[in-house]
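> can you look at this prediction? I've put the sequence above it.
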Amino acid sequence: MPRYIAVIDQGTSSTRCMIFDQTGQAVSLAQAEHRQFYPKPGWIEHDPLEIWRNTQTVATEAMQKAEINTDEIAALGVTNQRETVVLWDKNTGNPVYPAIVWQDTRSAEICERLSIEVGPDRFRTITGLPIATYFSGPKLQWLLDHVDGLRARAYRGELLCGTIDSWLVWNLTGGKDGGIHITDVTNASRTLLMNLETLAWDDRLLAAMNIPASVLPAIHSSSEVYGIAKGIFAEVPVAGILGDQQAALFGQTCFSAGDAKNTYGTGAFLLLNTGPKPVQSHHGLITTVAYRLGDGPSVFALEGSIAIAGALVQWLRDNLGLIRTSTEVESLANTVEDNGGMYIVPAFSGLFAPYWRADARGVVVGLTRYINKGHFARAALEATAYQTRDIVDAMCRETGLQLDALKVDGGMVVNELLMQFQSDILGIPIIRPALAETTALGAAYAAGLAVGFWKDIDEIRDLWQKDKEWHPKMAAANRERLYAGWTKAVTRSLGWID
């Protein structure tokens with residue numbers, strides 16, 4: 001009998017394979033980083049073939065570490081960086097251009113043209129999304145508009161397109177030799193091309209961006225048997241696909257309306273389960289599909305997306321040289337008692353939720369001779385907590401709900417200083433699960449449910465375990481004073497790009 005679920009977790013900076021047992025415990029992990037390419041200011045690219053090679057490498061390593069074979073794996077799940085776009089030749093399997101990463105802003109002019117008459121909310125009632133460089137559709141239009149010959153090849157039916165999940169599943173199931181070209185509703189809901197009501201590609205949106213439907217993958221649920229893998233996972237059913245943040249919501253067992261989680265990674269992403277009907281946002285949030293199990297109804301969420309969270313710590317390390325490793329940021333921040341009056345607004349490629357300002361750029365404000373590198377470290381950590389407060393406040397205004405607590409996950413939650421400050425600035429408990437990397441776990445749950453490895457979501461909910469909880473210690477007056485300084489700093493970042 002198969003005793004494990006395998007997951008490919010393909011993120012912005014690395015690809016991982018994790019293997020889980022029936023109790024939801026990770027028994028094996030292998031990880032490989034891939035390169036980041038910055039050919040022009042605001043442009044960020046990945047090599048899809050490097051990602052696919054890394055996927056095969058980490059899959060082999062994870063199975064070797066667990067000392068298992070594919071016949072012991074009940075199903076394979078996939079979770080991925082979401083809005084990153086790949087366009088490839090369906091006959092050769094080769095990408096025709098580097099993957100355009102979700103943070104990339106080269107589609108700004110396209111977004112401006114799409115917004116010029118009605119504004120950025122032109123498609124919001126259809127898609128739940130504002131028109132922004134963040135989403136996949138404008139990136140795909142840029143490729144077809146700017147790379148010689150691609151539009152003609154797309155209309156001749158020679159090319160396939162998709163987010164990273166589509167690229168991986170196509171390759172996992174055979175690639176040019178019969179690979180299936182699909183995506184799931186969570187990834188499709190991030191393209192600016194899918195209708196939230198019909199859960200199908202919308203002809204009006206395709207026409208507005210001049211995108212032929214033939215290049216797009218078929219949209220499926222998040223949990224079903226899509227096909228059987230070949231190669232490295234030969235004969236294993238591919239049975240779960242979730243965009244990374246929806247996977248984290250699912251892995252945190254946020255199955256009820258009002259449940260919320262925040263994932264702290266390269267960016268940070270806060271999702272609030274809103275139940276079976278989409279809630280249209282009037283306060284700068286995204287309406288997205290949270291998940292869909294089989295042929296059941298879709299569950300929706302409100303999301304607040306932060307472009308730069310852990311990436312700001314990487315910036316301190318790689319660009320400024322203030323730390324040698326990312327983990328050193330906490331000890332450096334602990335050398336000072338507070339931020340010394342300085343704030344960092346990391347609008348490196350604009351501000352995402354709830355502002356959606358592509359004209360913003362990063363600023364450091366409040367500098368005096370008193371400031372030292374410890375204050376820089378502390379301000380960098382606090383920036384993530386302040387941006388989270390922006391989103392929580394917007395969600396409360398949107399829904400009338402008051403969060404009782406916030407579940408957290410992702411690489412930054414090992415930072416105790418950040419977690420305590422997050423609790424202080426929100427004024428609510430912060431809860432870290434026993435398994436912090438819940439993104440892969442959510443994809444495992446989706447795949448396992450599809451093949452009966454787990455019976456239902458109640459069984460999964462019983463598996464969730466708490467590791468640690470933080471409670472606010474800061475006086476309310478101090479909380480609001482610090483947050484007022486942040487909101488003032490944000491205004492200084494706006495309008496920098498004409």
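Right, received. Where do you want to start? No experiment lies behind these values; they were computed from the predicted model shown. Residues are numbered from 1 along each chain as shown.

> list the contacts of Arg16.
Residues near Arg16 by C-beta atoms under 8 Å, 6 or more residues apart in numbering: 8-10, 29-32, 58, 440. (Glycine included, C-beta is placed from N, CA and C.)

> among these, which lie within helices?
58, 440 (DSSP state H).

> of all the contacts of Arg16, which comes closest to Phe348?
Comparing those against Phe348 with C-beta to C-beta picks out Gln10 as the nearest, at 22.5 Å.

> just the buried subset of the contacts of Arg16, please.
For the contacts of Arg16, a burial check counting by 16 or more other C-beta atoms under 10 Å picks out 8-10, 29-32, 58, 440.

> could you dump the residues you listed into a markdown table with pLDDT added?
Shown next, in a markdown table, are those (pLDDT from 0 to 100):
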| residue | pLDDT |
| --- | --- |
| Ile8 | 98 |
| Asp9 | 97 |
| Gln10 | 97 |
| Leu29 | 96 |
| Ala30 | 97 |
| Gln31 | 96 |
| Ala32 | 96 |
| Val58 | 97 |
| Ala440 | 95 |
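
> all helices of the stretch 51-200 of the chain, in order?
108-115, 124-127, 136-146, 150-155, 164-172, 185-188 (DSSP state H, counting those that start in this stretch).

> CA atoms only: put the second one into CSV for me.
Spelled out, it's helix 124-127. Included here for helix 124-127 are C-alpha records, laid out as CSV according to Å, rounded to 0.1, in the frame of the first residue of the first chain:
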residue,chain,number,x,y,z
ARG,A,124,-12.7,43.7,-11.2
THR,A,125,-16.3,42.5,-11.3
ILE,A,126,-15.4,39.7,-13.7
THR,A,127,-12.0,38.7,-12.2
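
> in stretch 394-403, what's buried?
394-395, 398-399, 403.

> can you check stretch 447-459 too?
Buried residues in stretch 447-459, counted by 16+ other C-beta under 10 Å: 447-451, 453-454.

> what does stretch 314-331 give?
So for stretch 314-331, counting by 16+ other C-beta under 10 Å, buried means 314-317, 322-323, 326, 329-330.

> which pair in the residues you listed has the greatest spatial separation?
For the buried residues of stretch 314-331, the maximum inter-member distance is 16.0 Å, found between Trp315 and Glu330 (C-beta to C-beta).

> neighbours of Tyr97, just the number please.
Around Tyr97 there are 16 other residues, counting by other C-beta atoms under 10 Å.

> pretty sure it contacts Val147?
Yes. Counting by C-beta atoms under 8 Å, Tyr97 touches Val147, with 5.5 Å between them.

> near His146, how many other residues are there?
His146: 13 neighbours (other C-beta under 10 Å).

> what about the longest helix anywhere in the chain, distance to the chain center?
When the chain is parsed with DSSP H, its longest helix is helix 373-399. Here the centre of helix 373-399 is set off from its chain's centre by 18 Å, with C-alpha atoms, centre = their mean, to the nearest Å.

> also stretch 345-357?
That offset, for stretch 345-357, works out to 16 Å (C-alpha atoms, centre = their mean).

> cool, stretch 267-279 as well?
For stretch 267-279, the distance to the chain centre is 13 Å (C-alpha atoms, centre = their mean).

> next, the buried residues of that stretch.
Of the residues in stretch 267-279, those buried (16+ other C-beta under 10 Å) are 267-274, 278-279.

> swap in stretch 353-368?
Neighbour-count burial for stretch 353-368, counted by 16+ other C-beta under 10 Å, picks out 353-358, 360-366.

> residue contacts, His46?
Per C-beta under 8 Å, 6+ apart, neighbours of His46: 34-37, 84, 98-99, 101.

> pick the one among the residues you listed closest to Leu418.
Of these, the one sitting nearest to Leu418 (C-beta to C-beta) turns out to be Gln36, at 23.4 Å.

> and the pLDDT at the closest one?
Gln36 carries a pLDDT value of 93.

> tally of neighbours for it?
15.

> wait, doesn't it sit right on Asp47?
No. If you go by C-beta under 8 Å, Gln36 and Asp47 don't touch, sitting 9.9 Å apart.

> now render the buried residues of stretch 394-403 as a markdown table, adding pLDDT and distance to Asp467.
As requested, the buried residues of stretch 394-403 are exported to a markdown table (pLDDT from 0 to 100; distance: C-beta to C-beta, whole Å):
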| residue | pLDDT | distance to Asp467 |
| --- | --- | --- |
| Ala394 | 92 | 28 |
| Met395 | 91 | 24 |
| Glu398 | 86 | 30 |
| Thr399 | 85 | 28 |
| Leu403 | 87 | 19 |
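
> and of those residues, the nearest to Thr253?
When these are compared for distance to Thr253 (C-beta to C-beta), Leu403 wins out at 16.1 Å.

> next, format the buried residues of stretch 394-403 as CSV and append distance to Ala75.
Output for the buried residues of stretch 394-403, formatted as CSV (distance: C-beta to C-beta, whole Å):
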residue, distance to Ala75
Ala394, 37
Met395, 33
Glu398, 36
Thr399, 34
Leu403, 33
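
> ok, Ile126 - how many residues close by?
Ile126: 17 neighbours (other C-beta under 10 Å).

> tally of neighbours for the closest residue in space to it that isn't next to it in sequence?
Closest residue to Ile126 apart from its sequence neighbours, by C-beta to C-beta, 6 or more residues apart in numbering: Asn195 at 5.4 Å. Neighbour count of Asn195, defined by other C-beta under 10 Å: 19.

> ok so, going back, of the helices of the stretch 51-200 of the chain, which is nearest Asp21?
Across the helices of the stretch 51-200 of the chain, Asp21 has its closest neighbour in helix 164-172 (21.8 Å, C-beta to C-beta).

> same for the closest one, what does it pack against?
strand 4-10, helix 48-66, strand 73-80, strand 85-89, strand 159-163, strand 182-184, strand 237-243 (3 or more C-beta pairs under 8 Å, 6 or more residues apart in numbering; DSSP states H and E).

> tell me how many other residues crowd Leu381.
Leu381 has 25 neighbouring residues, counting by other C-beta under 10 Å.

> next: Gly340.
For Gly340, using other C-beta under 10 Å, the count is 17.

> try the one 5 residues further on
Val345 sits with 25 neighbouring residues when counted by other C-beta under 10 Å.
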